[in-house]
Each structure stands twice: as structure tokens, then as C-alpha cells.
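> Following is a predicted model, sequence given first.
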Amino acid sequence: MESPNRCSVIIVGAGISGISAAKVLAENGVEDILILEASDSIGGRIRKHKFGSVSVELGAGWIAGVGGEKSNPVWELAVESGLRTCFSDYSNARYNIYDRSGRIFPSGVAADTYKKAVESAIQKLRTDEDGLPAYVANDRRISTKPETPIELAIDFILHDFEMAEVEPISTYVDFGEREFLVADERGYEYLLYKMAEEFLFTSDGKILDNRLKLNTVVRELQDSRDSVRVTTEDGCVYEASYVILSVSIGVLQSHLISFIPHLPKWKSEAIEKCEVMVYTKIFLKFPYKFWPCGPGKEFFIYAHEQRGYYTFWQHMENAYPGSNILVVTLTNGESKRVESQSDQQTMKEAMGVLRDMFGPDIPEATDILVPRWYNNRYQRGSYSNYPIYADSQMVDNIRAPVGRILFTGEHTSEKFNGYVHGGYLAGLDTGEALLEEMKAEKASNESILQPLIALTLSKTQAKTSLQICDMHRQLFHGDSKRGLAEVTL
Ligand SMILES: Cc1cc2nc3c(=O)[nH]c(=O)nc-3n(C[C@H](O)[C@H](O)[C@H](O)COP(=O)(O)OP(=O)(O)OC[C@H]3O[C@@H](n4cnc5c(N)ncnc54)[C@H](O)[C@@H]3O)c2cc1C
């Protein structure tokens with residue numbers, strides 16, 4: 001039987017965590033790596049798409065957590081790369097709440113409803129933390145259930161958009177409360193290309209390096225005492241001393257990848273317990289704009305009796321003036337419902353909502369774009385959402401290595417899960433942890449092997465055996481230009 005392709009480390013997934021882990025390894029001399037990516041590009045949940053004449057972000061759109069005492073590392077990457085961004089001011093959204101007949105709720109009503117919703121959410125959070133139902137809370141105040149359309153709309157934006165008013169979110173506490181929308185034709189993914197070009201061979205903005213294999217779906221990881229065998233959907237087998245697995249928590253839950261032996265119970269239980277949020281941005285293009293623009297008008301809200309029904313809207317005039325694009329965000333149940341229906345049906349529903357808000361004479365949308373993160377078998381959702389009862393043990397278990405397989409990705413970040421910077425920092429941490437592990441293993445091997453080599457090999461023989469290792473390294477390293485012709489992207 002032919003021996004499998006072998007290298008030091010295989011990284012499964014080329015999202016921000018996989019690329020940042022690979023970068024740490026390469027920078028520290030571990031260059032015989034192989035990155036296996038299921039889709040046709042790097043970026044994962046950071047992905048741009050040409051829509052109309054502009055680049056829109058199907059996945060992550062914002063750099064969240066800017067302007068605080070500590071600097072968000074992703075913001076630093078964006079500044080270094082000259083990425084174009086626009087500040088997003090959500091604070092006015094609550095004053096642009098439309099009812100079904102197109103009237104904007106008076107600001108006093110909106111502010112009051114908002115205040116009550118925040119108080120109620122804080123109350124609910126306290127009782128959830130105590131493990132008690134709301135009606136037996138210490139101070140006997142009962143958290144109120146949202147019922148009216150405006151209450152439901154505000155409840156949606158407070159909870160499904162993780163507004164910092166309800167609980168302290170590490171991202172905002174550590175890095176600041178400002179958020180910047182990426183509005184750059186090169187896309188948010190440009191940050192990943194900038195990182196990748198530091199250790200992979202690139203030309204004309206394309207990665208041309210045979211250490212990155214796109215369209216390669218990993219289906220099985222077989223962990224043994226001294227290596228991991230990786231089998232892909234097309235039947236190829238690779239072998240490495242270690243694997244870094246950066247696929248999303250949704251993919252881990254979906255069992256797209258089998259583990260031999262099975263993952264231990266503590267690991268699989270922790271993976272199953274983590275919730276997955278689905279978040280869908282639907283883009284609609286119009287022949288001209290009919291919505292209000294100007295200061296404080298970027299975000300607007302539709303209040304409907306069904307929670308989350310085309311609630312949260314944004315116009316793209318600040319990001320791309322003249323683009324005539326609206327974005328509406330759906331989450332969870334509504335995302336799944338819309339993913340399973342035709343885009344024409346979704347356009348019809350969205351147009352109905354817009355006519356409620358802006359009247360019957362508005363123009364029909366000329367194009368629609370509906371990303372399907374939940375049905376994408378390489379994602380199975382948008383990002384992890386630790387349940388309220390999750391403790392640090394659960395996160396530790398999700399992150400902990402099993403044998404020679406290390407787990408990384410936004411879901412392994414205790415403080416910043418769900419965010420781009422969570423994925424980035426998790427990748428750096430995993431890369432560094434693996435370097436430590438490799439150093440320790442090398443030291444222990446040398447202490448066993450040194451006396452043996454001295455006993456069994458003459459000096460020249462020992463040198464020859466080292467050269468064989470070096471030749472193997474050249475498969476991946478130092479000859480990337482020759483590898484060019486063989487690469488298919
Ligand atoms: C719609 C949406 C909006 C978001 N908005 C924001 C935002 O505004 N700000 C923010 O900070 N964050 C946002 N996020 C979250 C952010 O995008 C993620 O936290 C981050 O990009 C995750 O990076 P990652 O490396 O952990 O995972 P991923 O990017 O998912 O990388 C994992 C990679 O593994 C690959 N893969 C999966 N299965 C296999 C397999 N079997 N074999 C080989 N490869 C495989 C995938 O194709 C993918 O490329 C959003 C996400 C979504 C989906």
C-alpha cells in the first residue's frame with residue numbers, strides 16, 4: 001500500500017482561526033504544514049459576494065469592540081491593511097420603529113419600552129443565573145414577557161443582537177463599545193489574505209501554494225499513538241504528527257467528521273451542549289432609494305406581532321453611497337424558515353414588510369441575495385452561543401485536545417466566542433500551545449533516542465538518516481515556486 005502524504009501538522013479549515021494558527025506555526029519554523037479546506041476559498045464565515053456593483057459581506061460584517069482601553073487585534077489588522085470601514089451607530093435604531101401602517105412610534109414610547117425591556121432582561125438574567133424561575137426571584141419582581149409588536153421588536157434587538165445593555169459582554173468591556181462595518185471592495189477576507197501571504201506563496205492576490213488544498217472535505221480523523229490519519233471525501237489519506245481542527249461547532253455537531261476512536265464522552269457532551277446561533281443578512285437591491293437617509297437613520301425596525309419577522313433593517317448608503325441596497329437581518333427560526341423557501345417567496349415577504357413601512361408605491365426590488373449558513377454543510381449555523389448555564393468547564397472541554405487532535409475556532413474562545421477576534425485569538429493560542437507540545441515531545445524523544453543513536457549508528461549513518469527527513473520537508477517548504485504548476489485552486 002502507498003504510504004499517505006505526511007507532514008508535521010494538518011490544519012482542517014481555512015477560516016480566521018485556521019489561518020492564524022498556521023501563521024504562528026510557520027513563523028516559528030514549523031513549515032511542513034498542510035491546510036485542508038472544504039470550500040473553494042479561504043475565509044470560512046468571512047466571505048464577500050459581489051451584489052449589484054458592490055461587495056457585500058455574507059458572514060461577519062463588523063469589527064465589534066473598538067475604542068476601549070485595550071485594542072481589538074482584528075481592528076489592528078484592519079488598520080494595518082488599510083481596510084475601509086464605517087462607524088455604525090445603533091443607538092438611534094430604537095427611534096426608528098415602524099408599525100404595520102408605516103407610523104413611527106413616538107420617541108417617548110420607544111424609549112420607555114426600551115427601558116422596561118432592559119430592566120426585564122436583567123431581571124430574567126439574574127433569576128436564570130440563580131436557576132430559579134422569574135416568579136420566585138428574591139425581590140419578587142416578575143420579569144415581563146414581551147407581547148405587543150413594539151415589545152417583541154425591542155426584545156428581538158436586545159437579545160438576538162446581544163446589545164451590551166443587558167449583560168457585560170467581554171468584547172465591549174475589553175475592547176470598547178464601538179462597531180465598524182467593513183465596507184471595502186476587497187472584503188473583510190482581505191485580512192486573511194494579508195495574513196496568509198506572510199507564510200504561503202502568493203501571486204497577483206492569489207494563494208498559489210500546495211500547502212493549501214481547497215475543495216478538500218475531511219471526513220475522518222484516526223488518532224493513534226504517534227500520528228493522526230486524515231481521510232478526505234475524495235478518498236485521499238494524509239498523515240501528520242498533529243491535527244488542528246478548526247471547523248465550527250455546528251459542523252462538529254453534524255458528525256460530518258468521524259473520529260476513530262470515538263471522542264470521549266466529556267468531549268462529545270460538551271460539543272452537543274453548545275448552542276448554535278443562525279444569523280442571516282438578506283440583501284435587496286432597488287432601482288432607487290425610498291427610505292430616509294441622513295444622521296440617525298441607518299438602522300430601522302419593523303414591529304410585527306411575530307417576533308423576529310423582518311425586524312431589523314439597515315440601508316447601505318453610509319457604506320456604499322448610491323448602491324440602493326437594503327439589508328434585513330433574521331435569526332434562528334426565521335433564518336431556517338427563509339433558508340428552506342425560494343428566494344422569490346422571501347422577496348415577496350420582504351416587499352410586503354417594506355410596503356407596510358413605506359407605502360404601496362415603492363419600487364420592486366431588482367435583486368435579492370439570501371445566504372444559507374444553516375444549510376451549508378461546512379458551517380451548520382452562524383456562530384456559537386454558550387447557554388446561560390455554561391460554566392468554564394464546558395468551554396475547557398470544548399477546547400481541550402484529544403490525543404493528537406487540537407480543537408480551535410471561535411467556539412473555543414471563552415471570552416470572545418461568536419466573533420472574528422474570538423476566532424483569531426483562538427487560532428493564535430492553539431498554534432502556540434502546539435508549539436509548546438512539539439517542543440516537549442522533541443525533548444522527550446531526544447532524551448530517549450540520543451543514547452540509542454550513539455549505540456547503533458556511526459556518525460555518517462546518523463547524518464544520512466537526518467538528510468532523509470530534510471528531503472521530506474522539501475515537499476512543502478522552500479520550493480513553492482516549483483509547486484506552482486501543480487496547484488489547482
Ligand atoms: C452571518 C454571520 C454574521 C456574523 N457577523 C459577525 C460580525 O459582524 N462580527 C464578528 O466579529 N463576527 C461575526 N460573525 C462570526 C464570525 O464570522 C466567526 O466567529 C468567525 O469568522 C469564525 O472563524 P473560525 O475560524 O472559527 O471558523 P470558520 O470561519 O467557520 O472556519 C472553519 C473552516 O472550516 C471549513 N470546514 C468545515 N468543515 C470542513 C471539513 N469537513 N473539511 C475541511 N474544511 C472544513 C469551513 O469551510 C471553514 O472555512 C458572523 C458570522 C456569520 C455567519
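Okay, I see it. Just so we're clear, the structure is a prediction, and the values are computed from it rather than from any experiment. Numbering: from 1, shown residues only.

> Next, residue 393: phi, psi?
Geometry field for residue 393 lists phi and psi as phi -60, psi -40, criterion degrees, to the nearest 10.

> neighbours around it, how many?
By the measure other CB atoms under 10 Å, the count of residues near residue 393 is 10. C-betas here are computed from N, CA, C, even on glycine.

> what residues does the stretch 151-300 of the chain put near the ligand?
Counting by CB under 6 Å from any ligand atom, the residues of the stretch 151-300 of the chain lying close to the ligand are 217-218, 246-248, 251, 256-257, 279, 281.

> that's a helix at residue 220, yeah?
No - membership of residue 220 in a helix is not supported by DSSP: H, G, I helix; E, B strand; the rest coil, which gives strand.

> who touches it in this structure?
Residue 220 makes contacts with 229-231, 257-260, as judged by CB atoms under 8 Å, 6 or more residues apart in numbering.

> swap the cut-off to 7 Å and go again
231, 257-258, 260 (CB atoms under 7 Å, 6 or more residues apart in numbering).

> That one and residue 233, how far apart?
Counting by CB to CB, to the nearest Å, the separation of residue 220 from residue 233 is 10 Å.

> ditto for residue 318
Taking CB to CB as the measure, residue 318 falls 42 Å from residue 233.

> Name the residue in the two with the higher neighbour count.
The residue with more neighbours, out of residue 318 and residue 233 and counting by other CB under 10 Å, is residue 318; that gives 17 against 13.

> And the pLDDT at the nearest residue to the more buried one once chain neighbours are set aside?
Leaving out its chain neighbours, the residue that sits closest to residue 318 by CB to CB, 6 or more residues apart in numbering is residue 86, at 5.0 Å. Model confidence at residue 86, expressed as pLDDT, equals 96.

> which SSE is residue 86 in?
Remark: residue 86 resides in strand 85-88, with elements defined by DSSP states H and E.

> For that strand, which outside residues touch it?
62-63, 78, 178-183, 298, 318-319.

> do that again at 6 Å, thanks
Strand 85-88 is contacted from outside by 179-183, 318-319, using CB atoms under 6 Å, 6 or more residues apart in numbering.

> Stretch 429-444 too?
When contacts are taken as CB under 6 Å, 6+ apart, the neighbours of stretch 429-444 outside the stretch itself are 21, 24-25, 28, 242, 244, 406, 408.

> List buried members of the residues you listed by neighbour count.
If you count burial by 16 or more other CB atoms under 10 Å, the buried members of these come out as 21, 24-25, 242, 244, 406, 408.

> May I ask which two of those residues are separated the most?
The most widely separated members of the buried ones among the contacts of stretch 429-444, counting by CB to CB, are 24 and 242 (13.1 Å).

> Neighbours of residue 11, how many?
Each residue near residue 11 was counted by other CB under 10 Å, and the total is 30.

> and it, what element?
When secondary structure is defined using DSSP H and E, the element that contains residue 11 is strand 5-12.

> Parallel or antiparallel, list what pairs with that strand.
Neighbouring strands of strand 5-12 in its sheet, by DSSP bridges, are strand 33-36 (parallel), strand 237-245 (parallel).

> got the ones you listed as CSV, with distance to residue 309 and mean pLDDT columns?
Rendered in CSV, the data for the strands paired with strand 5-12 read as follows (distance: least, CB to CB, whole Å; pLDDT from 0 to 100):
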stretch, distance to residue 309, mean pLDDT
strand 33-36, 40, 98
strand 237-245, 37, 98
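
> Would you mind giving those strands as a markdown table with distance to residue 224 added?
What follows is the strands paired with strand 5-12, written out as a markdown table (distance: least, CB to CB, whole Å):
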| stretch | distance to residue 224 |
| --- | --- |
| strand 33-36 | 18 |
| strand 237-245 | 10 |
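
> where does the protein have low pLDDT?
Across the chain, residues meeting the criterion (pLDDT under 70) sit at 1-4, 128-143, 162-166, 449-489.

> on that earlier part again, out of the buried ones among the contacts of stretch 429-444, which is nearest to residue 193?
Each of the buried ones among the contacts of stretch 429-444 was checked against residue 193 using CB to CB; the closest is residue 21, at 16.3 Å.

> Next, that closest one: secondary structure please.
helix.

> ok, it - contacts?
By CB under 6 Å, 6+ apart, the residues touching residue 21 are 11, 244, 408, 427, 430-431.

> wait, is residue 395 part of a helix?
Yes - read with three-state DSSP, residue 395 is one of the residues of a helix.

> can you give me the helices for the stretch 351-489 of the chain?
Along the stretch 351-489 of the chain, the stretches classed as helices by DSSP state H, counting those that start in this stretch are 392-399, 420-456, 459-474, 480-483.

> Counting by contacts, list what the helix or strand where residue 50 lies packs against.
With elements delineated by DSSP H and E, residue 50 resides in strand 48-51, which encompasses its position. Contacting strand 48-51 under the criterion 3 or more CB pairs under 6 Å, 6 or more residues apart in numbering; DSSP states H and E are the following elements: strand 54-57.

> Which residues does the strand it packs on contact?
The set of residues that contact strand 54-57 without belonging to it, under CB under 6 Å, 6+ apart, is 48-49, 185, 187-188, 283, 320, 323.

> Tell me the one of these nearest residue 291?
Residue 291 has its nearest neighbour among those in residue 323, at 12.6 Å by CB to CB.

> roughly how far apart are that closest one and the ligand?
Between residue 323 and the ligand the distance, using CB to the nearest ligand atom, to the nearest Å, works out to 19 Å.

> next one: residue 27
Residue 27 sits 18 Å away from the ligand, taking CB to the nearest ligand atom as the criterion.

> what do you get for residue 122?
Residue 122 is 24 Å from the ligand, by CB to the nearest ligand atom.

> Now that residue: which helix or strand?
Secondary structure here is read from DSSP H and E; on that basis residue 122 sits in helix 107-130.

> buried set for that helix?
110, 113-114, 117, 120-121, 123-124, 126-127.

> all strands of the stretch 201-350 of the chain, in order?
For the stretch 201-350 of the chain, the strands defined by DSSP state E, counting those that start in this stretch cover 202-203, 206-207, 212-213, 218-223, 228-232, 237-245, 258-260, 275-277, 279-285, 299-302, 312-315, 325-331.
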